[in-house]
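Chemist: Sequence and predicted structure below; questions after.
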Amino acid sequence: MEAAQADPARFEALYRKYVAQVYSYAVYELRDRHDAEDATERTFLAALAHLPRFEERARPEDGEGASTFRVWLFRIARNVVAERRRSRHRRPEAPLEAAADLAAPIDVEADVTRRDEARAALGAIGRLSGDRRRALVLRFVDEMSTAEIAGVLGRSEGAVRVLIHRALRNVARDLGERER
């Protein structure tokens, strides 16, 4: 972090460390790989531009190597994703359908079942309210701690635990109703 602040050319190490996590978050939030790539790029450009203003806020009791950079970066990502959503709302686009795979799957029935279950789970997650959905994605996809998620969402750790619990309960109920 300090090396990157002193010399922006050293930002690459931070980029390599966090790019997959930010991209994954953007894919889950935007549900479009191209938009997610754009959001990831914009997140890192904004982080690089504002890097001199970043202040480390990790405390000694947080442990060796603790940093608030990840939380700061995901707050930037959250703002970029929100801006992309607003832009979509103002100027809706008709997405092109993805090209079908040329090779036929070996077990068509199993493949269809797996895709149907994945689609149902993503649909259930997508129907959650914004912060509940974000909390689940940050926890289970980006593997963030409760404290990190609290920092990204601007909530207390207790509120984040409640968000995750309620989100999981809603997803389970939604999938259970779908089964019936």
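Modeler: Looks like it came in fine.

Chemist: any idea whether the residue nearest the centre of the chain is helix, strand or coil?
Modeler: Centroid-nearest residue in the chain: residue 25, 1.6 Å away (criterion: C-alpha atoms, centre = their mean). Three-state call for residue 25 (DSSP: H, G, I helix; E, B strand; the rest coil): helix.

Chemist: so what's it up against?
Modeler: Residues in contact with residue 25 (C-beta atoms under 8 Å, 6 or more residues apart in numbering) are 74, 77, 81, 137, 138, 141, 142. C-betas here are computed from N, CA, C, even on glycine.

Chemist: do that again at 7 Å, thanks
Modeler: 74, 77, 137, 138, 141, 142 (C-beta atoms under 7 Å, 6 or more residues apart in numbering).

Chemist: Please list all residues in contact with the fourth one.
Modeler: With contacts taken as C-beta under 7 Å, 6+ apart, residue 138 has the following neighbours: 25, 144, 149, 152.

Chemist: Work out for me the element residue 77 sits within.
Modeler: Following DSSP states H and E, one finds residue 77 within helix 69-90.

Chemist: Buried residues, that helix. List them.
Modeler: Using 16 or more other C-beta atoms under 10 Å as the test for burial, helix 69-90 gives 69-78, 80-81, 84.

Chemist: Let me see the domain layout of this protein.
Modeler: Domain ranges of the chain: 1-94, 107-180, per automatic domain parsing.

Chemist: model confidence over the first one, on average?
Modeler: It stands for domain 1-94. Domain 1-94 shows a mean pLDDT of 84.

Chemist: follow-up on the earlier one: need the buried residues of helix 69-90 in TSV with distance to residue 49, can you?
Modeler: Below are the buried residues of helix 69-90 laid out as TSV (distance: C-beta to C-beta, whole Å):
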residue	distance to residue 49
69	15
70	18
71	18
72	13
73	13
74	17
75	15
76	10
77	14
78	17
80	12
81	18
84	18
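
Chemist: Can you tell me which of those is nearest residue 125?
Modeler: Ranked by distance to residue 125 (C-beta to C-beta), the buried residues of helix 69-90 are led by residue 81 at 15.0 Å.
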